[in-house]
Each structure stands twice: as C-alpha cells, then as structure tokens.
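Visitor: Predicted model and sequence follow; I will ask about them next.
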Amino acid sequence: MDLRPYRALHSIQLVRETLRRWWGLELAIADSKGYVVDHADGKIFPSQNELCRLALFSKEGFRRCNESIKVVGDRLRTGRGGGPGEAPQAFIHQCHLGFDVVAAPIWAGPELVGFLFTGGSWKELPGAGGRAELLRKVREFAAVETDAAAQHTDDVPRLPEPELERLRDLIAYGAAEITKVLASRTPRPEVAGPVDHPFTDIVGQSQGVRDVIKLLEKIVRSESTVLIHGESGTGKELIARAIHYHGPRAKQPFVVQNCSAFNDNLLESALFGHVRGAFTGAVKDQKGLFEVADNGTFFLDEIGDMSPSLQVKLLRVLQEGTFTPVGGTKPIKVDVRIVAASHKDLQAMVARREFREDLYYRVNVLKVTLPPLRERVADIPVLADHFLRKHWTSRGHGGAVPRLADATLDAMVRYQWPGNIRELENEVERMLVLGGDGPEIGPEVLSTRIRAGGEPVAPRAAPTLTGTLREVMESVESDVILQGLIRTHWNKSQLAKELGISRSYLIQKCTYYGLERKD
C-alpha cells in the first residue's frame, strides 16, 4: 500500500511540526517491509542529531539505518505496538548507533501496512565506553575525524522519561490517525446494494446517502421550511429539487436564486421586484422571484450571504407571507415554500451577530445535512460510473462506455475531493476527453493533484516550546493555520484544500483560536 499520500493529513503535519519544534526530531513513515516512504521519493529528512546526519549520508550508514528500521517492522509484526483492532501503542527500539527509535503500527483492517516512527534521541548520556563505541561506528560509516564527531555528542536530543512518554503518545496518536483514515478509505470499498427510493437523481449507496434519503421521504410530505447545510459541491440544489418535485407542490413553479450572486440592491429587486420609477432604469413594473414562485417552492441558495436588511424582508415573508416591491407601497401576498441552503455555519453566525436569530429559527424548521464526499468514499466508484455514462451519452457516443482502470479508481478513492461531487464530475468529464478513446481510462490522465493525493504544507522553523502535550499541539496547530492564512491572504477555502480539511472545520478552528483578520 502506498502510504505517501497520508503524509499530507492535517494531523500528521501537526505531529511532524511538534516533533521538530519540541525536540528537533523528524517524523517518517515506513511501509510494511520497513522501507521509508520518503526514501522512495529520493528524500532524506534526518533529525537535527548531527551524528545521525553523518551516518545517514554515507552509503554504508544509510544501509545500516534502513536495516534498523526493518528490524522495527519485524518487531511490530510479532505484536509489539498492539494488534489489529487495538489502539496503536508506541514502543522504543535502539538502532545500530544506540539511539532510540520510537514507532507505532499502522493497520488497514487485519493487515499491518506500515508504521510511523522517529529516531535520533537518547534517554540519557551514555558513559565513556558507550560514547567511544558510538564514535567508532560513526567514523566507520562517515569520513570524519573522531574529534569532529565527538563535539556533536552533547547536541544529541535527550528525552528523560516524562518527555519520552510524551513522544510515545504523539507517535501513537499519529499512527492511530492514519489507521482511522484507512478504515474509512479502503482502496476498493465494498458498498451495500442499490438503495430503493424514488429520488432517482440522487446517486449513492453509502450510509450517509441512505440517512439523507430516509429524511427526505419524511420531509417531502410536509410544507415546512427546510434548511440544507453542506459544503460547496455536495448537491444542495439537487436535494432542493427532490423536495419540490416529490412534494405536494410538484406541479407548481420551482425557482432558484443564489444570494451571493448579486449585490444588495440587485438581489432585493430580483427577490421582491420593483415598480416603475423605483430607480434609474426601472422603466416598467417588474415581478420579483417570490411572486414568480407563488404556490410553488423558492430555493434560496447561500442564504448566509444575505445582508441584514434583506434578512428582515425575508423574515416578513416567512412570518406573514407578504412583501413590498422596491419603490412600492402595496404589499403583495404569496404562498411559497422556502428551501434555504448554506455552506456556512448559520448558528455560529448568529452567535457572532452576523445572521438574525429569529430568521435562523424560521428557516431551520427541518434541517438536511449533506456529508462531504470524503465521508462517503464508498460512493466514489458509483458516482464516477454515473458521470462517465452521463457525459459519454451527452457527447453522442455509442457503444460501450469506457471503464476506469483499477489504479485510476484507487487514486480517486485516496483523494480528499475538497470540491466534492462537483469536482468529481469535472474530473470525470476531463478524463473522458483526454483518455476516453479506448476501453479503459488509465491513471495517467488524472489531474496531478489527484495522482499525488495532495502535498503537505512545508512546516516553518520555530523555537522549542514547553507545556503539556495538548498545549503544544494546539500551539502548533494555531501557528500552522495563522501562517497559512497569511500566505493565502486569508482565503479559507484555499487553505482548507491545502490542509486537507473542510472549510467549515477550518472556520471552527479559526474561531477557537481567535484567528480573525484585523483590517
């Protein structure tokens, strides 16, 4: 199994950064055979232990270091560090130079697929005999004088028992995080059978989709207001259409308006209409979309982007069923079912006084939460096949639809899909154009970002920190996010993609750490 993509996990980046800052150690991942995955890329990241560097950059020293790591893998296979289904435990092994290697297993079901480790420290300074033996080994591997090597012995990171325990906890935590991701992101997931439901446009067989469908079957029978929450690209409008076309208003208008598409004045005119002479260019009366949607359903997308003044007018429609066109004096009464949607956390916006509390409770009568694609991995093969057939047919092709090669699908399953279903559909259409001439579409036509599985954000050097393990982890996380916000000019969507987390989760972290832009 290729473990390289998992170096980019947010939690692994935090562990790596913490090790560097606190002890000057480097984090590495090895596969089940003990081969360090960074070495497979031609990369070597030695610790700040200069004696390790001297040994590692010689041919013989590099070979002996790898042998020591393979011994760690052998010990893990015999049960050190816990077994499959158990929380990974870090154990300590001494390498050929006498330094401590701290490692914890990574499991994919019952299979040991690799381990997370760090090395290059010792618990206490060895005696004179131990130092002499260490220097002899280093001199054997590297062309360096004894005196030159001896001066580095005092710089070797020393981890007394409490510090060593913290290090073990960190390594075990990192291994557990990768194990957890592997458990939810198996290369070729087995999916349940087709879901029997009337919503034919909703594609998927994962538990997340089943839960949404079960909720929709109840919602469509009602007339209540619905709030759909989900990241961009998760299919909020698709759900809104399902609610309308399977409900009692199916034969009436279904109207859509994205609240972030217009500025305040244009949006007000679009929603509520205007009378002749209301503003420059208003040469005749114009119906608003609420009037167009009378007796039907009005889907208000990205309602969280609506200004406070328009929130007041929308609240009146919800409470009284009336509104007044721009420049008008006569209220117009309508009967409209509202389905609202947002990728933002409206409850958090209420707490920050950015969204009216009374409006929030009016729109949040029935709530549908759509899972991001990374949480419904089992649906990726199903969705990919659906989009292949859709775009193959739309282009007028006949005959058999090309299939995705196993390697192509495996790479797609490992990818985080920050753009969710919309990004997946665009990628499938792209692959069909570039590689749809034959019976099978290979991984070479995948976008680079998907083949690579994402790249980690380069960590920043910083001084040693003190405090509890949780305090240090939070300090590192806060700093990583802050530096990323500065680098991306506070573009949270871009930073969330870089870190491999959702935008809503990043916003929660920014709120927790008080990372708000001060203009």
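Guide: It's in. Numbers count the residues shown, from 1 in each chain.
Visitor: buried stuff in the longest strand along the chain?
Guide: Criterion DSSP state E: the longest strand present in the chain is strand 111-121. Neighbour counts over strand 111-121 (16 or more other C-beta atoms under 10 Å) mark 112-121 as buried. C-beta here means a position set from N, CA and C on the backbone, and glycine is covered the same way.
Visitor: Show residues contacting stretch 316-327.
Guide: Stretch 316-327 has contacts (C-beta atoms under 8 Å, 6 or more residues apart in numbering) with 225, 268-269, 271-275, 277-279, 282, 285-286, 288, 290, 313, 330-336, 338, 359, 362-363.
Visitor: And it, what's buried?
Guide: Neighbour-count burial for stretch 316-327 [16+ other C-beta under 10 Å]: 317-318, 323, 325-326.
Visitor: One more: stretch 56-74?
Guide: 56, 58, 61, 64-66, 68-69, 71-73.
Visitor: Of all pairs in those, which one is the farthest apart?
Guide: Greatest spatial distance among the buried residues of stretch 56-74 (C-beta to C-beta): 58 and 73, at 22.6 Å.
Visitor: Next, format the buried residues of stretch 56-74 as TSV and append secondary structure.
Guide: Below are these laid out as TSV (DSSP: H, G, I helix; E, B strand; the rest coil):
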residue	secondary structure
56	helix
58	coil
61	helix
64	helix
65	helix
66	helix
68	helix
69	helix
71	helix
72	helix
73	helix
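Visitor: Okay, and which of the buried residues of stretch 316-327 map to helices?
Guide: 317-318 (DSSP state H).
Visitor: Could you name the helices and strands sitting against the longest helix belonging to the chain?
Guide: Counting by DSSP H, the longest helix found in the chain is helix 161-184. Packing partners of helix 161-184 (3 or more C-beta pairs under 8 Å, 6 or more residues apart in numbering; DSSP states H and E): helix 10-23, strand 91-94, strand 100-108, strand 111-121, helix 469-487.
Visitor: The same query, at a cut-off of 10 Å, please.
Guide: Contacts defined by 3 or more C-beta pairs under 10 Å, 6 or more residues apart in numbering; DSSP states H and E place helix 161-184 against helix 10-23, strand 28-31, strand 91-94, strand 100-108, strand 111-121, helix 469-487.
Visitor: can you pull the buried residues of the last one?
Guide: Of all the residues in helix 469-487, those buried under the rule 16+ other C-beta under 10 Å are 472-481, 483-485.
Visitor: Now tabulate those residues in a markdown table and tack on pLDDT and distance to residue 15.
Guide: Converted to a markdown table, the buried residues of helix 469-487 look like this (pLDDT from 0 to 100; distance: C-beta to C-beta, whole Å):
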| residue | pLDDT | distance to residue 15 |
| --- | --- | --- |
| 472 | 65 | 11 |
| 473 | 71 | 8 |
| 474 | 73 | 13 |
| 475 | 72 | 13 |
| 476 | 74 | 9 |
| 477 | 78 | 11 |
| 478 | 79 | 15 |
| 479 | 76 | 14 |
| 480 | 78 | 11 |
| 481 | 83 | 15 |
| 483 | 76 | 17 |
| 484 | 79 | 17 |
| 485 | 81 | 21 |
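Visitor: mind checking how far stretch 286-298 is from the chain centre?
Guide: Averaging C-alpha positions (C-alpha atoms, centre = their mean, to the nearest Å) puts stretch 286-298 38 Å from its chain's average.
Visitor: and that stretch, how far apart are its ends?
Guide: End-to-end distance for stretch 286-298, by C-alpha to C-alpha, to the nearest Å: 18 Å.
Visitor: buried set for it?
Guide: 286, 288-291, 293-294, 296-298.
Visitor: now the strands for the stretch 201-350 of the chain?
Guide: Assigned by DSSP state E, counting those that start in this stretch, the stretch 201-350 of the chain shows strands spanning 226-229, 254-258, 297-301, 322-323, 332-333, 337-342.
Visitor: I'd like the ones you listed as a markdown table, with mean pLDDT and distance to residue 443 appended.
Guide: Output for these, formatted as a markdown table (pLDDT from 0 to 100; distance: least, C-beta to C-beta, whole Å):
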| stretch | mean pLDDT | distance to residue 443 |
| --- | --- | --- |
| strand 226-229 | 97 | 34 |
| strand 254-258 | 94 | 35 |
| strand 297-301 | 96 | 35 |
| strand 322-323 | 93 | 54 |
| strand 332-333 | 94 | 57 |
| strand 337-342 | 96 | 35 |
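Visitor: got these as CSV, with distance to residue 390 columns?
Guide: Converted to CSV, these look like this (distance: least, C-beta to C-beta, whole Å):
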stretch, distance to residue 390
strand 226-229, 23
strand 254-258, 21
strand 297-301, 22
strand 322-323, 39
strand 332-333, 40
strand 337-342, 23
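Visitor: Where does pLDDT dip in the chain?
Guide: Counting by pLDDT under 70, the low-confidence segments of the chain come to 39-50, 55, 57, 124-155, 184-197, 398, 453-472, 500, 517-519.
Visitor: which residue ends up closest to the midpoint of it in space?
Guide: By C-alpha atoms, centre = their mean, the mean C-alpha position of the chain lies nearest to residue 501, the distance being 2.9 Å.
Visitor: Excluding sequence neighbours, find me the nearest residue to that one.
Guide: residue 10 (5.2 Å; C-beta to C-beta, 6 or more residues apart in numbering).
Visitor: Assess the claim that the one you found and residue 499 are in contact.
Guide: Yes: Residue 10 is within contact range of residue 499, at 4.9 Å (criterion: C-beta atoms under 10 Å).
Visitor: who's more crowded, these two?
Guide: Shown here are residue 10 and residue 499; by other C-beta atoms under 10 Å, residue 499 has more neighbours (25 against 20).
Visitor: For that one, give its distance to residue 59.
Guide: 37 Å (C-beta to C-beta, to the nearest Å).
Visitor: From the opening residue of stretch 240-256 to its closing one, how far?
Guide: 9 Å.
Visitor: buried sites along that stretch?
Guide: 240-247, 249, 252, 254-255.
Visitor: What is the nearest of the buried residues of stretch 316-327 to residue 90?
Guide: residue 318 (55.2 Å).
Visitor: Tell me how far that closest one lies from residue 365.
Guide: Taking C-beta to C-beta, one finds residue 318 at 10 Å from residue 365.
Visitor: Now tell me what touches stretch 274-282 from outside.
Guide: Under the criterion C-beta atoms under 10 Å, 6 or more residues apart in numbering, residues 265, 268-269, 283-288, 324-330 lie in contact with stretch 274-282.
Visitor: do that again at 7 Å, thanks
Guide: The contact list for stretch 274-282 (C-beta atoms under 7 Å, 6 or more residues apart in numbering) reads 283-286, 325-328.
Visitor: Adding distance to residue 88, write those residues out as TSV.
Guide: Shown next, in TSV, are the contacts of stretch 274-282 (distance: C-beta to C-beta, whole Å):
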residue	distance to residue 88
283	71
284	70
285	69
286	64
325	64
326	62
327	67
328	67
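Visitor: picking up where we left off before, from residue 376, how far out is the residue nearest to the centre of the chain?
Guide: Applying C-beta to C-beta, the value for residue 501 to residue 376 is 16 Å.
Visitor: swap in residue 285?
Guide: For residue 285 relative to residue 376 (C-beta to C-beta), the value is 47 Å.
Visitor: Same question for residue 369.
Guide: 12 Å.
Visitor: Same question for residue 201.
Guide: Taken as C-beta to C-beta, the span from residue 201 to residue 376 is 16 Å.
Visitor: same deal with residue 1?
Guide: 21 Å.
Visitor: before we move on, what about residue 85?
Guide: In terms of C-beta to C-beta, residue 85 sits 24 Å off from residue 376.
Visitor: between these two, who's got more neighbours?
Guide: Under the criterion of other C-beta under 10 Å, the comparison of residue 85 against residue 376 puts residue 376 first, with 26 against 10.
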